[in-house]
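Colleague: Pasting the sequence and the predicted model now:
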Amino acid sequence: MHNLNLDDRKGALHTYMMNVKFILIALVVTANMLEPVVSRNASAYALYEAIYLFHIPVFVLVMGYLARESRLVQGDQVKHLMIIAYQYVLFQSLYTLADASFFHAEGILHSFFMPYSLLWFLCSHFCWKLLLPLFLKLRYPLTASILLGVAVGYIPWDGSWISLSRTFVFFPFFLIGYRMRRSGSWQAAARHCRPIAIVCAAAVTTALLLGLRLDPGWLYGSLTFTELGQHSWYAGIYRLGIYALEAGAAVCFLACVPWRSSMLTDWGKRTLFVFLLHGFIVKAVIAAGWLQSLDGSIWTIPLLIGAAFALTLTLSHPRVELVAKGWMEPAAAWPLKGMPGRSQRTTK
């Protein structure tokens, strides 16, 4: 990797990130399939929590890697923000309509200020792109973002509103991803630490299978310290510990992802469609009671993992992109038509 020129290194890193994206979105779908059975299946709970240790931070990191450094007034940046806003309004409406008419999920507040399920990521992604140029002006942007991620835990209201808590809690990973694109020094190290990463990942997974538990609320990033049952002034120290744990898990995962171009790379270019569409299918299956009826046998987890990967592959098919891209990424549609710096880059 050291012998490659700058363009080759960027190309290799982009291929790698596409591989990361596909594996991550497959794990996201897997976690969502596992969630209905975790309360009565210890192995499913362990796998679910292992996924949550890293999958949100790494996905945010990938979004930071894909981010462009630009001023907010530039047409390209404004257009990207408008696409994200369009996707949020569209899918918040569609999911709300589907939930009210069929899903009937518990604890859901139908409001554009309360993102529905996975749509918090769109809301936060919009904010991360706004925050990036502002934080890059600071002398120590990463330190400032970590302190802000801790401070937001002390807010005296529901952290889920407009995804406020998650926006600031995960923003440090967005900054890290942005910096990764401009640094090639970590690439060789990532390969060399793969054996250690595999051992660490196996150790953590084993510990979870043996009964080690961590309140998943800390991993979601959507709850304030009060909502997590921590009322002391030093509650922020726990979040710093979670940051360290997530960073370690993220390094282990990233070290294990292949660098070579493959089918994963091509599938990784279409994760947007998996992300925005899989929730309809998973929620429908849950509402129909099919997942709740599983008896917790040894086949439960393999069955759910297989179904999750089958769904991921189906929604990653080029035909899905052909049908969905025009209305999910209307880069040429009003009010985006005619804006300078037209771009076809995806937001997820």
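Modeller: Okay, I see it. All values derive from a computational prediction rather than experimental measurement. Numbers count the residues shown, from 1 in each chain.
Colleague: Now M114. Its backbone dihedrals?
Modeller: M114 adopts backbone torsions of phi -130, psi 90, taken as degrees, to the nearest 10.
Colleague: What's the separation between it and M63?
Modeller: M114 sits 22 Å away from M63, going by Cβ to Cβ, to the nearest Å. The way it works is simple: take the backbone N, C-alpha and C, and place the C-beta from them, glycine included.
Colleague: For the stretch 1-150 of the chain, just list every one of the helices.
Modeller: Here the stretch 1-150 of the chain has its helices, by DSSP state H, counting those that start in this stretch, at 6-34, 42-52, 55-66, 75-98, 120-135, 141-151.
Colleague: now the stretch 201-348 of the chain
Modeller: Under the criterion DSSP H, counting those that start in this stretch, helices of the stretch 201-348 of the chain are mapped to 216-220, 236-256, 263-268, 271-287, 300-315, 318-328.
Colleague: So for P57, which of those sits nearest?
Modeller: Counting by Cβ to Cβ, P57 lies closest to helix 236-256 out of the helices of the stretch 201-348 of the chain; the figure is 4.7 Å.
Colleague: M114 and M63: which is more packed in?
Modeller: Counted by other Cβ atoms under 10 Å, M114 and M63 do not tie: M63 has more neighbours, with 22 against 18.
Colleague: can you tell me which residues contact that one?
Modeller: By Cβ atoms under 8 Å, 6 or more residues apart in numbering, the contact set of M63 is 125, 128, 174, 177, 348.
Colleague: The second one - nearest residue in space that isn't next to it in sequence?
Modeller: Computed as Cβ to Cβ, 6 or more residues apart in numbering, the closest residue to W128 that is not its neighbour in sequence is F174, at 4.6 Å.
Colleague: you'd agree the one you found is up against L136?
Modeller: No: counting by Cβ atoms under 8 Å, F174 sits too far from L136 to count as a contact (11.4 Å).
Colleague: who has more neighbours, these two?
Modeller: A side-by-side neighbour count of F174 and L136, using other Cβ under 10 Å, places F174 first with 27 against 12.
Colleague: And the more buried one, how close does it get to D99?
Modeller: Taking Cβ to Cβ, one finds F174 at 29 Å from D99.
Colleague: List of residues touching stretch 102-120?
Modeller: 28, 32, 88-89, 91-92, 95-96, 99-100, 122-123, 160-163, 166, 222, 275, 279, 283-284, 286-287.
Colleague: Could you list the buried residues of it?
Modeller: 103, 114-120 (16 or more other Cβ atoms under 10 Å).
Colleague: Show me which helix or strand of this structure is least confident by mean pLDDT.
Modeller: Lowest mean confidence among the helices and strands of the chain (mean pLDDT, DSSP states H and E): helix 185-192, at a mean of 64.
Colleague: Of the helices of the stretch 1-150 of the chain, flag the one that's most buried.
Modeller: Highest mean neighbour count of those: helix 55-66, a mean of 24 (counted as mean count of other Cβ atoms under 10 Å).
Colleague: Any regions of the stretch 101-250 of the chain where pLDDT drops low?
Modeller: Scanning the stretch 101-250 of the chain for pLDDT under 70 picks out the ranges 182-192.
Colleague: re the thing from before, dump the helices of the stretch 1-150 of the chain to JSON lines, plus distance to D215.
Modeller: Output for the helices of the stretch 1-150 of the chain, formatted as JSON lines (distance: least, Cβ to Cβ, whole Å):
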{"stretch": "helix 6-34", "distance to D215": "16"}
{"stretch": "helix 42-52", "distance to D215": "10"}
{"stretch": "helix 55-66", "distance to D215": "15"}
{"stretch": "helix 75-98", "distance to D215": "26"}
{"stretch": "helix 120-135", "distance to D215": "19"}
{"stretch": "helix 141-151", "distance to D215": "17"}
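Colleague: Out of those, flag the one nearest K269.
Modeller: Within the helices of the stretch 1-150 of the chain, the stretch nearest K269 is helix 6-34; the backing value is 5.9 Å (Cβ to Cβ).
Colleague: Look up which helix or strand the closest residue to A67 other than its chain neighbours falls in, please.
Modeller: Excluding the flanking residues, the one nearest A67 by Cβ to Cβ, 6+ apart is Y178, at 5.4 Å. Assigned by DSSP states H and E, Y178 falls within helix 164-180.
Colleague: now that helix: how far from the chain's centre is it?
Modeller: Chain-centre distance of helix 164-180: 11 Å, with Cα atoms, centre = their mean, to the nearest Å.
Colleague: between it and helix 236-256, how big is the angle?
Modeller: Interaxial angle, helix 164-180 versus helix 236-256 (axes from the mean of the first three to the mean of the last three Cα atoms, to 10 degrees): 40 degrees.
Colleague: CA atoms of helix 164-180 as CSV?
Modeller: Extracted C-alpha coordinates of helix 164-180, given in CSV (Å, rounded to 0.1, in the frame of the first residue of the first chain):
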residue,chain,number,x,y,z
LEU,A,164,-30.5,15.7,18.9
SER,A,165,-28.7,13.3,21.2
ARG,A,166,-27.5,10.9,18.5
THR,A,167,-26.4,13.8,16.3
PHE,A,168,-23.9,15.0,18.8
VAL,A,169,-23.1,11.6,20.4
PHE,A,170,-22.0,10.1,17.1
PHE,A,171,-20.5,13.3,15.5
PRO,A,172,-16.9,12.4,16.6
PHE,A,173,-17.0,9.3,14.4
PHE,A,174,-18.2,11.5,11.5
LEU,A,175,-15.1,13.7,12.0
ILE,A,176,-12.8,10.7,12.2
GLY,A,177,-14.2,9.3,8.9
TYR,A,178,-13.6,12.7,7.2
ARG,A,179,-10.0,12.7,8.4
MET,A,180,-9.5,9.1,7.2
